[in-house]
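Visitor: how does the following fold in three dimensions:
(2 chains)
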Amino acid sequence: MELLYSICVGVLVACGVFLILRARSFPIVLGLTMLSYAVNLFLFASGRLSINHAAILGTNEQYADPLPQALVLTAIVIGFAMTAFSVILSIRARADLGNDYVNSEQKPSARIGVKK
Amino acid sequence: MALFWIPLLTTIGSLISSFTAKLSRNQSVAITLLAPLAALAICIYHAPAVFNGEILYNKIQWLDILDIHLSFRLDGLSFLFALLILGIGCLVIFYARYYLSQNDSLAKLYAYLMLFMTAMLGIVLSNNLIQLWFFWELTSISSFLLISYWNHQSDARKGALMALTITGAGGLALLAGLLLLGNIVGSYQLDVVLASGEIIKQSQWYETSLILILLGAFTKSAQFPFHFWLPHAMAAPTPVSAYLHSATMVKAGIFLLARFYPALAGTEIWFILVSLTGLATLLLGAYVALFKHDLKGLLAYSTISHLGLITLLLGLDTELATVAAIFHIINHATFKASLFMATGIIDHETGTRDMRKLNGMWKFMPYTATLAMVAASAMAGVPLLNGFLSKEMFFAETLHAQLLGSMSWLIPVLATVAGAFSVAYSARFIHDVFFNGDPIDLPKQPHEAPRYMRVPIEVLVALCLLVGMFPNFIIDGILQVASMAVLTEATPVFEIAIWHGFNLPLLMSALAVAGGLTIYAQRRHLFQFQASLPNLSAKLMFEQSLNYLFKWSQNRINQFENGSLQRYTILLIIVVLVSAGAPLFEMHQLVGQNKPHNIDMFNAVGTGLLIAGALATVIWHRHRMVALLMISVVGLMVSVAFTRFSAPDLALTQLSVEVVTIVLLMLALFFLPQRTPKESSSIRILRDLGIASACGVVIASVCYALITRPLDSISQFFVENAKTGGGGTNVVNVILVDFRGFDTLGEITVLGIAALGIYKLLVNLPLFMPASDSEGRKWAKEKYPLLLATISQTLLPLALLVSAFIFLRGHNMPGGGFIAGLVTATAFILQYIAHGSNWITERLAINYRKIIAIGVMIAFLCGVGSLLFERPFLTSWFDYFKIPLVGKTELASAMIFDLGVYVTVVGATMMILASLGKLTANDQVKPESKLKGDS
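Guide: As a prediction, the model looks like this:
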């Protein structure tokens, strides 16, 4: 099972990385979402996998590691905030720039007005 | 009074004087003088102790771990320098009041001057290396402000930048040197360092740290080859030059050499580096000074030369040489400050500093001329003046130098040559300005300066004379204690006398005077020769090299930063890939010792769905709606995985977040193109696939290696204490609201900030809304389907009840503030979807920003509440109560905290979605405009 789980994480990472390498904003947002799934699964698994050992006292002899769970729980919520922020940013960028292309066509020196 | 008051008073003085712009000049000067005079009084109050040879300390504990404290010390050397800084500072402040024209802001100059004074006092009083360095940098910055005081003049700006660049670079070297020194000794306290001279000199890092510290000192004190910034700093107003370039800033480097003398001096490398640098600077400065037509240029090079002289003395291997160095520090400060001030008067009253125009000033300003001539004679080393005494001691000490072996005789000879040049330029200062015919087309009709403008010069010139005539009476005591601070042992017996009988030093003095006068008389030939030399402009070379540096770094930046996000991302990913992947090759075996779980049917199906969803998202990523649906499958399977692997809280959170996320992304898609055009070349796709797969392989391997190895966790503590310490059986929730409540407080704050950021991003958004979907189909006319509206209304109270249930049981069973908040938010979002934003706003006017603020405040105040019971921030409390009908119930303060979490999550989620959703309900929708780049 551990092998299968790791493969899932790997596939999610690979798909996420491929998507954030695209040139338009929406696939990048999807990629970020995918990567945060992968990261959450990864962090969660650092407490090792266990079945039917929920960390509710009095229900079991042994408990799954609760610490990574607590960390991942907040990470999920923060991940949502980040996804929301990046997708709104891409709406704003499309509205201001007229397209959803993520690369600038100008040289950075021209943009920030550095003297040549 | 404690020592820290001295720099503190001047700091306060700097602030106060910056507010005196509205007052009259006399009031401004009076108020500004208060602080340095008070600081001077503190110094003098401590004088008896210092003269007894005591070292006074004052330490305020700060960062114990880093060994950094606010720590001051006052010994003879610091006392002498503090006296110079404050005394000459007061004179300069007084003088500047008459020097500055009505158009220039006196308050600004005073504020900068006092800031600089603070920095200098900080250096000389510091008893901690890092603190010393901090004040050292502050002198660089405040001198930058002072030199660029007339910031409308380009040469002032350039000169200030040059000074800052050179001294700032030196400051970095100094920091490195001091850190090394502190590392060798094991302490940053100066008294410890000074007492560890032997350890330092035997360390293998001695040479490195010595060279770095010397770099700092030499750049600050304008030693060859870093001297070139000083003449350009003369663009500063003359009072600033009088202060910075005679008594203080440039002396900071000399002070550093003297301060670290016990710790660093005494080795061959010290003597060679310090004395030869000093000698070169002495000769160069003296020679070049003669050819400067600008009065301040002459004084600048003369200052360089005298600084070289002092450095040379500190590099000579005798104790008396050190005494002479300190003596000359005092003397140079007095005569050079008065000469700068006299130059300021001449400049002020004639409008020029060019010696080719200035002639015969004696007739117009005999009084100033007398003062300047006395000071210039002191500079030349004429008997009965202070400069003579220290120069005699200097000549005497060069005779004892053994530095160059059999060629050591060169040192006294070269010293005499430099002495001759110094007589020559002093003679030029006197003769060329005050005599030598009539002035040539001056911009102003010259006349004597205002009475009080001359007072500071009179004070300084009187000191030159008094020290020169009654040295033992005036200067002996302070010289003794200052030398003792440098040499740490008993001071050698010395006697300062005007007449030592006929001896070699006197002969050298005589030769220097005769030689100098001859050089001056024959100056025409020398000037011609000098004019025939190629013109090497340090300024030009400095600017060229700076420009080259800027261009070079701009090119490097352009290479990396070409404005392509894709490129940045790929570079980052490759770095991560290499750093995460490389260690894997050093592992012997990927799989660990843990016994793996068996693969059952559920897991296999779940895995299959998750992988299929992820791949489908990638495959259909250009059809955005389809991709969105596919990714929701992945999210769903992730929450199933959490359920499977004993994490019910995570599963609930993931599920509710998933719903909110997908609704949000779908809403966002309404404002974005529905399809991604095909742009990437096949090569690019192949490259990205390669990199992505590599990342997947590396992370999967790391993950596999990690989870098949035994776990060594601190979680046992949480499991054991959750019930007894936190009063809950749901360990995850107890960790969130109790053990690591401070983290959670931070997290909900971040959530709130993100929501506010989104709100701000959506303000004044120029909207364009598509009239149809990507297939060209019009949107449905019926905006809000009746069926959904009816069901959602019925669902709302039920959903709220569920969320209340989840919230309340959270401490003991899966649930809690985060999940309950998300469930509540989902229920409300359903109302928005079913009825539209306007319908809701009519019935329920909620300001979600306030909700977020209230939530964070509840959580924060819950934490503060524990302070009332004298417990640390966020300590929780719980107990059990019998409530009628309900039975035995637990109440915990952590529930209040969880309530804060709940409210924040509801507020943030609703704000994000409602702000975006409201845009679709906007009546004034512009027709869709075809935008470039979209397809």
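Visitor: C-alpha from now on. contacts and neighbour counts both.
Guide: Fine.
Visitor: the most centrally placed residue in chain A sits in which helix or strand?
Guide: Closest to where the C-alpha atoms of chain A average out (C-alpha atoms, centre = their mean) is A:Ser36, at 2.2 Å. If you go by DSSP states H and E, A:Ser36 is part of helix A:25-45.
Visitor: buried stuff in the helix or strand just after that helix?
Guide: Next in sequence after helix A:25-45, counting helices and strands by DSSP H and E, comes helix A:66-97. Using 16 or more other C-alpha atoms under 10 Å in any protein chain shown as the burial criterion, the residues of helix A:66-97 that qualify are A:66-95.
Visitor: and stretch A:52-63, by the same measure?
Guide: By 16+ other C-alpha under 10 Å, the buried positions in stretch A:52-63 come out as A:53-57, A:63.
Visitor: now pLDDT and distance to B:Ile707 too, for those, in TSV please.
Guide: What follows is the buried residues of stretch A:52-63, written out as TSV (pLDDT from 0 to 100; distance: C-alpha to C-alpha, whole Å):
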residue	pLDDT	distance to B:Ile707
A:His53	83	16
A:Ala54	84	18
A:Ala55	83	18
A:Ile56	85	22
A:Leu57	85	24
A:Tyr63	87	16
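Visitor: chain B next: which of the buried residues of helix A:66-97 are close?
Guide: With C-alpha under 8 Å from any C-alpha of the partner chain as the criterion, the buried residues of helix A:66-97 include A:66-67, A:69-70, A:72-74, A:76-78, A:80-85, A:87-89, A:91-92, A:94-95 near chain B.
Visitor: what stretches of chain A score poorly on pLDDT?
Guide: A:105-116 (pLDDT under 70).
Visitor: for whatever residue of the stretch 401-550 of chain B ends up closest to chain A, helix, strand, or coil?
Guide: Using C-alpha to the nearest C-alpha, the single residue of the stretch 401-550 of chain B nearest to chain A is B:Phe550, 9.8 Å away. Under DSSP: H, G, I helix; E, B strand; the rest coil, B:Phe550 falls in the helix class.
Visitor: do B:Ile65 as well
Guide: coil.
Visitor: distance of it relative to B:Asp191?
Guide: Distance from B:Ile65 to B:Asp191, counting by C-alpha to C-alpha, to the nearest Å: 18 Å.
Visitor: more crowded one of these two?
Guide: Neighbours of B:Ile65 and B:Asp191, each counted by other C-alpha atoms under 10 Å in any protein chain shown, are more numerous for B:Asp191; the result is 16 against 6.
Visitor: the more buried one: which element?
Guide: helix B:190-194.
Visitor: neighbours around the nearest residue in space to B:Leu479 that is not next to it in sequence, how many?
Guide: Closest residue to B:Leu479 apart from its sequence neighbours, by C-alpha to C-alpha, 6 or more residues apart in numbering or on different chains: B:Phe327 at 6.7 Å. Per other C-alpha under 10 Å, the neighbour tally for B:Phe327 reads 26.
Visitor: tell me the contacts of A:Leu57?
Guide: Each residue near A:Leu57 by C-alpha atoms under 8 Å, 6 or more residues apart in numbering or on different chains is listed here: B:719, B:723, B:729-731.
Visitor: which of the residues you listed lies closest to B:Leu109?
Guide: Closest to B:Leu109 out of the contacts of A:Leu57 is B:Val731 (63.3 Å), distances taken as C-alpha to C-alpha.
Visitor: test my guess that that closest one contacts A:Ala54.
Guide: No. Judged on C-alpha atoms under 8 Å, B:Val731 makes no contact with A:Ala54 at a distance of 9.3 Å.
Visitor: can you tell me if the worst-scoring helix or strand of chain B on mean pLDDT touches chain A.
Guide: Scoring the helices and strands of chain B by mean pLDDT, DSSP states H and E places strand B:887-892 at the bottom, with a mean of 77. No. Remark: strand B:887-892 sits outside contact range of chain A, by C-alpha under 8 Å from any C-alpha, the gap being at least 15.7 Å.
Visitor: what's that strand in contact with?
Guide: B:727, B:876-883.
Visitor: please redo it, this time with the cut-off set to 7 Å
Guide: B:877-883 (C-alpha atoms under 7 Å, 6 or more residues apart in numbering or on different chains).
Visitor: just the buried ones from these, in ChimeraX syntax?
Guide: The ChimeraX selection below is limited to those of the contacts of strand B:887-892 classed as buried (16+ other C-alpha under 10 Å):
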select /B:878
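Visitor: in CSV, list the contacts of strand B:887-892 along with secondary structure.
Guide: As requested, the contacts of strand B:887-892 are exported to CSV (three-state DSSP):
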residue, secondary structure
B:Trp877, coil
B:Phe878, strand
B:Asp879, strand
B:Tyr880, strand
B:Phe881, strand
B:Lys882, strand
B:Ile883, strand
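Visitor: of the contacts of strand B:887-892, which is the nearest to B:Leu125?
Guide: Of all the contacts of strand B:887-892, B:Leu125 sits closest to B:Trp877, with 50.4 Å by C-alpha to C-alpha.
Visitor: hmm, the closest one is touching B:Phe897, no?
Guide: No. B:Trp877 lies out of contact with B:Phe897 (C-alpha atoms under 7 Å); the separation is 11.2 Å.
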